Each structure stands twice: as structure tokens, then as C-alpha cells.
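In: I'd like to go over a predicted model; first the sequence, then the structure.
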There are 2 protein chains.
Amino acid sequence: MTRTLSLGAFIMATGHHVSAWRHPDVPANGGLDFPLYKRLAQVAEAAKFDAVFVADSVAAPTAEIASRMARSDHFEPLTLLSALAAVTERIGLVGTVTTSYNEPYHVARKFASLDHLSGGRAGWNLVTSDAAAEALNFNRQEHFGHAERYARAREFHQVVTGLWDSWEDDAFTRDKASGQYYDPAKLHVLNHEGEHFRVQGPLNVARPPQGRPVIVQAGSSETGRELAAQTAEVVFTAQTSLAAARDFYNDLKGRLPRFGRSADDLRIMPGVFVVIGQSQAEAQEKFEAFQELVEPQVGVALLSRMLGNFDLSAYPLDGPLPELPLTDSGQRSRQLLLTELAGRENLTLAQLGRRIAGGRGHYSLIGTPTQIADELQAWFEGGAADGFNVLVPHLPGGLEDVANHVVPELQRRGLFRRDYSGSTLRDHLGLKRPANRYTI
Amino acid sequence: MTRTLSLGAFIMATGHHVSAWRHPDVPANGGLDFPLYKRLAQVAEAAKFDAVFVADSVAAPTAEIASRMARSDHFEPLTLLSALAAVTERIGLVGTVTTSYNEPYHVARKFASLDHLSGGRAGWNLVTSDAAAEALNFNRQEHFGHAERYARAREFHQVVTGLWDSWEDDAFTRDKASGQYYDPAKLHVLNHEGEHFRVQGPLNVARPPQGRPVIVQAGSSETGRELAAQTAEVVFTAQTSLAAARDFYNDLKGRLPRFGRSADDLRIMPGVFVVIGQSQAEAQEKFEAFQELVEPQVGVALLSRMLGNFDLSAYPLDGPLPELPLTDSGQRSRQLLLTELAGRENLTLAQLGRRIAGGRGHYSLIGTPTQIADELQAWFEGGAADGFNVLVPHLPGGLEDVANHVVPELQRRGLFRRDYSGSTLRDHLGLKRPANRYTI
Ligand SMILES: Cc1cc2nc3c(=O)[nH]c(=O)nc-3n(C[C@H](O)[C@H](O)[C@H](O)COP(=O)(O)O)c2cc1C
Ligand SMILES: Cc1cc2nc3c(=O)[nH]c(=O)nc-3n(C[C@H](O)[C@H](O)[C@H](O)COP(=O)(O)O)c2cc1C
């Protein structure tokens, strides 16, 4: 069998472009429009995507400029994905849930429940929260520091996967004649006592169909990569050139053996921002229609968030990016990248903000389906990616463009499936079903 | 318009009878069978029930006897109800979520999300947790005491309803031309600082379609009644006679004026356990088929749980109920009721356990559709109930019996709707949509 690539569809409200909501083709209330999400998931499923992916934050921005961005109202991922599970059959459902402001028992339980509801299609994007504002909604006055966030995340992962193994796969005998509902020898009480959590168990959900929902991560710091090498099964990442993506790919895959894992145990899927036209010029024109809608202050607010919520509002729009202290948030690598870009091209604040309004630091492809497929193929065959997380400027149109034009081109080239061959997200991604820790 | 009664359908795994899972008509894996739940919700909706209701506990029992009961594996309520939202149109979706081991921001957000997903059909059964084992899954070594549970619940309710009012109903203008996504004057930051919680807000979900999801409660202690009188919009309760139910009803409704509320602001819905036959004898026979499947130890384990997890395993099955210390758990009133019953009828432990195996302390009706409708009518017209939460021995059969035989009889009598007249759970229950606290 030839190796094929994986595709995830990033479905978030009005789309990835910060001003998409203002575009005439876009339903501006997309963030809370379930029929729209249902359509998105069904479009992605018809195109045989591995999964839809939902980002998250447990806070809403309150600065005045937030009132000009579509970021304050959207579905909560676990409720949304559960609803989508009921109206789809095969596509994976990946949701972001932070380890910083949650309890592992709830998270283990809800993803196990989603995995059962969907017949084995759940994935958890395990993040450490990059938005300090979240702390204020959870009894704290400040965000945990970077190191503590990761220490907590590591222990959180340990507890959650432990709880998923509470029951062996065949623990529930449900034997009507004898009256035995489960075999007590196949129940395992976790009794976790760690630095951050104390959780007895067992989980009150049978072992998930996938054994464990798929673990996704997107950290790129040194600590983040180490955690990913140890525990992640899919990694999302923002990379802007084939060379950088290949370095990241090799670095991360190279860490796996130290944790007793092999290259096949982890799929690396960079984000790619895609705008499609019948010609290069048409694609560019499409993109410009979004760019024209970007208010300078909105671009700068987005920039500020990508720099770790460094407040830029006091700096002149037509001045340069100020010198920034290195952030402790999860945005340090992006900060370095953007600082470098601004310097190299001598961009003003407003220009830099506008530059990232679409791709937000992800690799951006604006062109024909053939051009786009060429690039994806080059990355895939060039050792820079196992697949891609597709970001589109606007929804639903942008996703339909990808489904109708890029996917068929990838299929023609034998790079992407024409139909699902399995039923679980693990099947789609080519990931093994993990054995229960108590049976190996 | 004549006053009509409300009906809730308790849908939980294999049914309310502790041994239902062993019955030949019952899918023993019901707890994790989504197609079954979908069928249940659709049956209840076709019969025009106000809502389906899902109970919960955030722990699984681990004593040896638990392996003979169907209590250890079931869906988590919010994920389950979200999935059901996608496959139903009108029926209300009420889920139990404890205030003892949760964060108000998450709870406010998930119910708001469910309310948007379902077009205004969400209800929250706000409980204080009656199972001490839950504490051990959430970093604690023991359960909060009764008073603290309620103090926490009260503040929890305050925070959640405050977060639901973060945005005025018309805050999101989403004006493409001007670029204003929301009107900043209609955003309200909660800034809650209380004894148990510190939550800044705002919620990152627009105000729910219902203004607030419906608040349901089931506490019956003095403190529980006070909280219900102040905050609940529906109260579930276990009552065993019309006289006792009427006392409870009058007591609770009598408390409302002190909180500036009127009788119409709260619907009282006792649980009723229903077994239906074409004749009284047939109904009794049906019931006996379940009773025969009850192992004595299983009945006693259920009894133990209903007595506040008092361990009864050391006492002889054919001896009397031992003297019990008054429990601090949420089961004190049930404890008194059962102690009184055991004394009056001189029951052994095994007999008492068997007695509660079906109704679990709820009012039990075993008879023809006419007999059952007569009783429900007597309670409804006798000032003991605004409606009923229907519990059936087994699923899906028991619910289909109610839908096919009892509901039509209630409709013929003009006591129950023939079709939904509104689209939200509040509409079904006849509850007003609350105004946003910042606009009154
Ligand atoms: C492509 C991508 C998507 C991300 N999505 C989210 C998200 O939805 N929510 C969130 O809180 N953090 C998100 N993050 C942040 C990271 O997952 C991570 O927790 C953070 O960057 C800190 O990790 P680091 O310091 O190792 O980079 C995302 C990061 C990347 C690169
Ligand atoms: C009909 C009924 C259903 C209940 N369902 C649940 C439940 O699903 N989960 C739970 O933790 N407690 C449940 N309870 C417990 C109560 O909601 C309440 O929190 C507990 O009884 C303590 O309150 P009290 O001491 O005021 O009675 C239920 C109680 C009743 C009467």
C-alpha cells in the first residue's frame, strides 16, 4: 500500500480569516449556527477528510476592539462535536480542551462518552492554554507559568489515559442468566495521587471503542515537543516553509525512540491556509476581497494575541513593531517568527497585522487546485508532513472549494483516499489501537 | 385555556428497575447504546413529552456487588443530550450536573451551548451530589458536608445565571457594513468574587435562546427546599402518597412569595413509576417478571445507596433493618421513609430491598392505562403535582407502553397536549423567559 496523507478540516465559526464574517458570502452568525456546522461536517465527510477540528478558548476577549471581531460567541467543542456525531457516520471529531482549567475525570469521561456516541471517532486536542484570560474565569488571578502548565498537562494526560483503562475491553459481560454485569477482575481502580491531581477512579464509562480517543497536540516549545514526543498521536503545527517544516518534522520524529515509540505512532499535520481560484489571479482576487475588510486595529489586535497578548494598542499603526519582551505564553516561537518577518520586510504594525489576518502564521497557499496540490505533495513527499490541517478563509464556501477542487486532485494523484477503509479515527489516521495497560 | 400537566421521561440505560438489564426484552448494554437513546428521545417526542431527563453521578461504584448491577457504564449527560439535540426537534433535554465537583464557567458554557444547539431546549438539573465517592475523583478525600454543598450550590447558581446574562439579547449586531460585531454597551462582565468562586466572565457564548436554560432541582431537605424556592423552575421529588405529595407541594409553593416569586414560576413534578397491563393482573405479572430477577444482595445494595451509602453488607438478609445514624447525605428524608416502612410492615432487609427494586421510593402505579390516568389526574387535580417525571421499569419497552397507552388516555381527558404549541422547553412548561438582569 502506498502511503497516503491525512486531512483535517478546521471548522470554526465564520472561517480563519479575521474579517471573514463581513464577507457577503459568509453567514455572520456562524459561530452559533448548528445547521451550518452540520453542513460543514457533512461536506468534510463526503470529501473523506480524516477529521474535523475545533479550536477553543475558555474566555471571551473584552477589549473594545473585540467588538469588531467574531471571536466572542461560539459553541463549546464537546457539546458541538457530540451533536455532530449524531449526524455523521465516519469522520473523526477532534476537540480542543485545556488541561490548565479542567479536571481530568470530567475530560476523560466526556471524551470516552463522545467516543462511544460516535463509534470511535473522538480525538482530544490537549492544550495548555495560551490565553491568560482563562485563569480569571477559574478562581485564579493569574495564568499558570509555562513550566507549571506543562507539568500539569503531563500529569493530566497520565490520569486521563489511566481512567480510560479503568475497564478491560471485555470487562462488561452483561450475562443475563448468571446475573454478572461485569467481571470484577477486569475492573482497575486508578488511585492516582500526584502533584496536581488526586483521582481515585474508576471511570463510569466502559473502555472507549478506540481504546483511547486520539491524542492531538500543538505545542512547539521545547517542553511542548517533549510532551508531544511522549504522548501525542497527532501534532498540529504552524510552519511557513518546507525547510522549517522538515526540521520540525525530523526533530519531533527523532524524539520518539527515547520514549519507546516509532515514527508511525505520530502523525505530523501542519496547518495550511488555502484560497482557491481557477487561475492564480482569481485566487489572489478572492483573497484580496477578504483583506480589504480588515480594519487596521483589528489586524493589530489579532497580532497582539499571536504575540502572547502583548498590548499593542498604544503604538502607532504606521510605526514599526516595538521591541517585545519574550513571552511566557504559548506563543514564543510565533513571536520570534513575526519579529523576524517585520524586520526583514520593514513592515509597519498595520501592515504586519494585515499580513497575518488570513493565515495567522500558517503556511498560506493562494492559487489553483493544481498549484495547491503540487505544494502539498512536495511537503508530503519531502518529509515535512504526514498530512495537513486545512484552514480556509471563510465558511462554508472555502471548505466546499477544497472538497470540490483540491481533494479530487489529491485523489487523482493517489495521495488521498477515495473512500474510508475503516470506521474509527484511528483507522483513518493509520494509528494502532492501544492495548489496555493492565493487559500487556 | 385549561391547565394541562407536564410529563418528563426519565431515560437511563436499561430502565429504572434494578434488574431490568436481565430481562429478555431489554438490551443489556443500553447505557452506551446511542441508537437506543435516539429511539427513546424520539418516542418521547412523538408522544409530546415536555422533556427527557438524564440522571447522573460522577463516580462508579466498586464494591463487589456492583458487578451485578447495571450502574457502572453510561453516557455523560451533556455529551448525550447534545447528540440527542441533533436528532430531535421539539422535546426538552434536561441533564443532571453537580455543583459540588464542577466549575461554574464550564457548566454555564456547556448548557448555553446546548441551548443554542437545540434551539432553546436545555434544562439543568442542579444537584449537590448525593454520592460521597464523587469527592475522591476530584482531589478531595471526603465529600463536602450538607451545609457546605448547599452554600456552594447557591453561589454556583448565582455565577452561572450571571454568566448567562453576559450578553444582552441583542448584543450581537454583526453589522457587516460598519464592522461592528457586537455592541460593547451590551456586554456585561460579571466580576464575581464570592466565598467559593471567583469568576470574571464574560461567557463566550451569546445569551441562550431561552434567556436561561430551565433550572431543575430535586433536593428535599429544608435547605434544599429553600434553594428550590429561590432558584428552581422545576422540582422533581419522590413522594409516595397523594397526601404527602400535596404537603410537599403546598410547602414549596408557599415559600415562593418570600423570594418575590409566584406559583406559576415553579412546576412540581413528582416521580411516578409506571407498569402497564391490559388488566391489573397482567400489569402485576409484568412487574413480577422483573422482581423475580432481583438477587437479594442486589436489592440490599440498592437499599444501602438509598440510605446514604450506609454499608448493610454485614447484616443478615433475613434480619431487620438495623438502627441507622441519620445520614448527612442527600438521602435523609428517604432514610426516614424507609425506616418507617420497614418497621410498619416488619420487613427483613431482603424484603425491603426487593420492595424498592422497581420504584426506588417513588410512587408506583401498576395497572391499566385507565387506572394510571385516574391516579395521575387525582394528583394533578388534587393539588399535589403540576406534572410527572415518568419512570419505567425497562427501556425501551416501558416508555413505549406509556407513550402508546397512558398518554393518549391523558389526551382524551384534555389533561395533556396533543401537539407542542411552542418550540422551547420553557414554552412546553409554561415558564416565562427571564429578562436579562442588566436590562430590567
Ligand atoms: C495550530 C495550533 C492550534 C492551536 N489551537 C489552540 C486552541 O484551540 N486552544 C488553545 O488554548 N491553544 C491552542 N494552541 C496552543 C497550543 O496548543 C499550546 O498549548 C501552546 O502553544 C503552548 O505550547 P508551546 O509553548 O509549547 O508552544 C494551538 C497551537 C497551534 C500551533
Ligand atoms: C427524583 C430525584 C432525582 C435525583 N437525581 C439525582 C442525580 O441524578 N444525581 C445526583 O447527584 N443527585 C440526584 N438527586 C439528589 C438531589 O438532587 C439532591 O442533590 C440531594 O438529594 C441532596 O438534597 P437534599 O438533602 O436537599 O435532599 C435526586 C433526587 C431526587 C429526589
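Out: Now that the structure is in, tell me what you want to look at. Ligands and ions are numbered 1, 2, ... in the order given.
In: what ranges do the strands span in the stretch 51-200 of chain A?
Out: A:51-54, A:92-98, A:122-127, A:192-193, A:198-199 (DSSP state E, counting those that start in this stretch).
In: Likewise for the stretch 251-400 of chain A?
Out: Remark: strands assigned in the stretch 251-400 of chain A by DSSP E, counting those that start in this stretch are A:267-276, A:363-367, A:387-391.
In: Tell me which other helices or strands the second one touches.
Out: Under the contact criterion of 3 or more Cβ pairs under 8 Å, 6 or more residues apart in numbering or on different chains; DSSP states H and E, the helices and strands touching strand A:363-367 comprise strand A:267-276, helix A:280-291, helix A:369-381. C-beta here means a position set from N, CA and C on the backbone, and glycine is covered the same way.
In: Also the longest one?
Out: Other helices and strands packing on strand A:267-276, by 3+ Cβ pairs under 8 Å, 6+ apart, are strand A:6-10, strand A:234-237, helix A:242-255, helix A:280-291, strand A:363-367, helix A:369-381, strand A:387-391, helix A:397-401.
In: again, but for the last one
Out: Applying 3+ Cβ pairs under 8 Å, 6+ apart, one finds that strand A:387-391 contacts strand A:6-10, strand A:267-276, helix A:369-381.
In: Tell me what angle it forms with strand A:92-98.
Out: Interaxial angle of strand A:387-391 relative to strand A:92-98 (axes from the mean of the first three to the mean of the last three Cα atoms, to 10 degrees): 70 degrees.
In: relative orientation of strand A:387-391 and helix A:369-381 in degrees?
Out: Relative orientation of strand A:387-391 versus helix A:369-381 (the same axes, to 10 degrees): 140 degrees.
In: where does strand A:387-391 sit relative to the chain's centre, distance-wise?
Out: Centre-to-centre, strand A:387-391 and its host chain are 10 Å apart (Cα atoms, centre = their mean, to the nearest Å).
In: quick one: is that strand near ligand 1?
Out: No: counting by Cβ under 6 Å from any ligand atom, ligand 1 is not contacted by strand A:387-391; separation bottoms out at 6.7 Å.
In: any residues touching stretch A:154-164, and which ones?
Out: A:99, A:102, A:104-105, A:107-109, A:111-112, A:124, A:126, A:190, A:192, A:194-197, A:199, A:201-203, A:207-208, A:211-213, A:215, A:227, A:230-231, A:437 (Cβ atoms under 8 Å, 6 or more residues apart in numbering or on different chains).
In: Which PyMOL command selects the buried ones in those residues?
Out: Of those, the buried ones can be selected in PyMOL as follows, counting by 16 or more other Cβ atoms under 10 Å in any protein chain shown:
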select buried, chain A and resi 99+102+104+105+107+108+109+111+112+124+126+190+192+196+197+199+201+202+203+207+208+211+212+213+215+227+231
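In: Can you narrow the contacts of stretch A:154-164 down to the ones near chain B?
Out: A:102, A:105, A:109, A:112, A:197, A:199, A:201-203 (Cβ under 8 Å from any Cβ of the partner chain).
In: and the residues you listed as JSON lines, adding pLDDT and distance to B:Arg417?
Out: Below are those laid out as JSON lines (pLDDT from 0 to 100; distance: Cβ to Cβ, whole Å):
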{"residue": "A:Asn102", "pLDDT": "97", "distance to B:Arg417": "40"}
{"residue": "A:Tyr105", "pLDDT": "98", "distance to B:Arg417": "40"}
{"residue": "A:Arg109", "pLDDT": "98", "distance to B:Arg417": "36"}
{"residue": "A:Ala112", "pLDDT": "98", "distance to B:Arg417": "37"}
{"residue": "A:Phe197", "pLDDT": "98", "distance to B:Arg417": "48"}
{"residue": "A:Val199", "pLDDT": "98", "distance to B:Arg417": "45"}
{"residue": "A:Gly201", "pLDDT": "97", "distance to B:Arg417": "44"}
{"residue": "A:Pro202", "pLDDT": "98", "distance to B:Arg417": "43"}
{"residue": "A:Leu203", "pLDDT": "98", "distance to B:Arg417": "40"}
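In: Mind picking the two most distant members of the residues you listed?
Out: A:Asn102 and A:Pro202 (19.1 Å; Cβ to Cβ).
In: any weak-confidence spans in chain A?
Out: Low-confidence segments of chain A (pLDDT under 70): A:1, A:329-330.
In: Just name the most buried of the helices and strands packed on strand A:363-367.
Out: strand A:267-276 (a mean of 25; mean count of other Cβ atoms under 10 Å in any protein chain shown).
In: quick check, it touching ligand 1?
Out: Yes: on the criterion Cβ under 6 Å from any ligand atom, strand A:267-276 is in touch with ligand 1 at A:Gly271.
In: List the strands paired with that strand, with their directions.
Out: If you go by DSSP bridges, strand A:267-276 pairs up with strand A:234-237 (parallel), strand A:363-367 (parallel), strand A:387-391 (parallel).
In: can I get the ones you listed in TSV with mean neighbour count?
Out: Formatted as TSV, the strands paired with strand A:267-276 follow (neighbours: other Cβ atoms under 10 Å in any protein chain shown):
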stretch	mean neighbour count
strand A:234-237	27
strand A:363-367	22
strand A:387-391	28
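In: Distance to ligand 2 added to those, as JSON lines?
Out: Shown next, in JSON lines, are these (distance: least, Cβ to the nearest ligand atom, whole Å):
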{"stretch": "strand A:234-237", "distance to ligand 2": "36"}
{"stretch": "strand A:363-367", "distance to ligand 2": "49"}
{"stretch": "strand A:387-391", "distance to ligand 2": "39"}
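In: circling back to that earlier point, distance to B:Gly308 added to the helices and strands packed on strand A:363-367, as CSV?
Out: Below are those laid out as CSV (distance: least, Cβ to Cβ, whole Å):
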stretch, distance to B:Gly308
strand A:267-276, 49
helix A:280-291, 61
helix A:369-381, 60
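In: And for the residue of chain A found nearest ligand 2, the neighbour number?
Out: Nearest residue of chain A to ligand 2: A:Asn204, at 12.0 Å (Cβ to the nearest ligand atom). A:Asn204 has 27 neighbours, counted by other Cβ atoms under 10 Å in any protein chain shown.
In: From what I see, it and B:Pro77 are in contact.
Out: No: using Cβ atoms under 8 Å, A:Asn204 is not in contact with B:Pro77, being 11.5 Å away.
In: Against B:Thr79, how distant is A:Val107?
Out: From A:Val107 across to B:Thr79, the span is 12 Å (Cβ to Cβ, to the nearest Å).
In: ok, now A:Gly31?
Out: In terms of Cβ to Cβ, A:Gly31 sits 20 Å off from B:Thr79.
In: These two - which one has more neighbours?
Out: Each of A:Gly31 and B:Thr79 has its neighbours counted (other Cβ under 10 Å); B:Thr79 has more, 30 against 24.
In: Tell me if I'm right that the more buried one and A:Lys110 touch.
Out: Yes: counting by Cβ under 8 Å, A:Lys110 is a contact partner of B:Thr79 at 5.5 Å.
In: intersection of neighbour lists for those two?
Out: A:Leu78.
In: ranges for the helices of the stretch 301-440 of chain A?
Out: Using DSSP state H, counting those that start in this stretch, the helices found in the stretch 301-440 of chain A span residues A:332-345, A:349-356, A:369-381, A:397-401, A:407-412, A:425-429.
In: closest to A:Asp251 out of those helices?
Out: Among the helices of the stretch 301-440 of chain A, helix A:332-345 sits nearest to A:Asp251 (Cβ to Cβ), with 12.2 Å.
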